[in-house]
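predicted coordinates and the sequence they were generated for:
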Amino acid sequence: MLKLTRSINSWNTPEFRDVLKDEIEQLDAEQLPLQQGLANSSYVGETPFRLMIIGVSDDSTAVRVHAGIFYAGIIAGCNCSDDPTPVDEQPEYCEVEVVIDKTTSEAKVTLVQD
C-alpha cells in the first residue's frame, strides 16, 4: 500500500499542498492509475509526470485530494527492425482522487471517471 507520511504530517499547515505535490511526483508512475487514464495513446511514456491539486477536503478519518496529472503517453509501433515510425510522446491528462488515512498515512489513488 502507498504511504504518504510527509503529506499527512504536514496536513493543516501552509506547506501541505507543496509537500503533497512533491511526495506524489516522487512516486513511480506505475503506482498511479495513469495507464487506465490514457486517452490519446496506448502506453505511459517515460517523461516525468506533473501533479496539479484541484481541491482538498477532509473528514475525521481521511484527507481527500482531487488532483490532475499531466503526463506523456506513447503509441507503440511494431518494434520491427525496419519500422520507420518514431516513438512520439502524446500529451495525456487524467484526474485522480487521493484518499490519505490520517492515522496510518496509507493512501489510495483512484481514477476519476468523467
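Nice, thanks for sending it over.

make it CA atoms for all contacts and neighbour counts henceforth
Will do.

what bits of the chain have low per-residue confidence?
Across the chain, the ranges flagged by pLDDT under 70 are 77-86.

cutoff 80 now
Within the chain, the set of residues satisfying pLDDT under 80 comprises 76-87, 114.

biggest helix in it by residues?
Assignment by DSSP state H gives helix 16-25 as the longest helix of the chain.

mind giving me the packing neighbours of it?
If you count contacts as 3 or more C-alpha pairs under 8 Å, 6 or more residues apart in numbering; DSSP states H and E, helix 16-25 packs onto helix 5-9, strand 50-58.

got the CA positions of it in CSV?
What follows is helix 16-25, C-alpha atoms only, in CSV (Å, rounded to 0.1, in the frame of the first residue of the first chain):
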residue,chain,number,x,y,z
PHE,A,16,0.6,20.8,2.8
ARG,A,17,-0.1,21.3,-1.0
ASP,A,18,3.6,21.7,-1.8
VAL,A,19,4.6,18.7,0.3
LEU,A,20,1.8,16.5,-1.2
LYS,A,21,2.7,17.6,-4.8
ASP,A,22,6.4,16.8,-4.2
GLU,A,23,5.7,13.5,-2.5
ILE,A,24,3.4,12.2,-5.2
GLU,A,25,5.7,13.4,-8.0
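
what residues sit buried inside that helix?
If you call a residue buried by 16 or more other C-alpha atoms under 10 Å, then helix 16-25 has these buried ones: 16-17, 19-21, 24.

go on, stretch 35-44?
Neighbour counts over stretch 35-44 (16+ other C-alpha under 10 Å) mark 35, 37-38, 41, 43-44 as buried.

okay, strands next: where are they in this structure?
2-3, 43-44, 50-58, 62-74, 89-101, 106-111 (DSSP state E).

redo those strands as a markdown table? Include distance to residue 11.
Formatted as a markdown table, the strands of the chain follow (distance: least, C-alpha to C-alpha, whole Å):
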| stretch | distance to residue 11 |
| --- | --- |
| strand 2-3 | 14 |
| strand 43-44 | 31 |
| strand 50-58 | 10 |
| strand 62-74 | 8 |
| strand 89-101 | 10 |
| strand 106-111 | 14 |
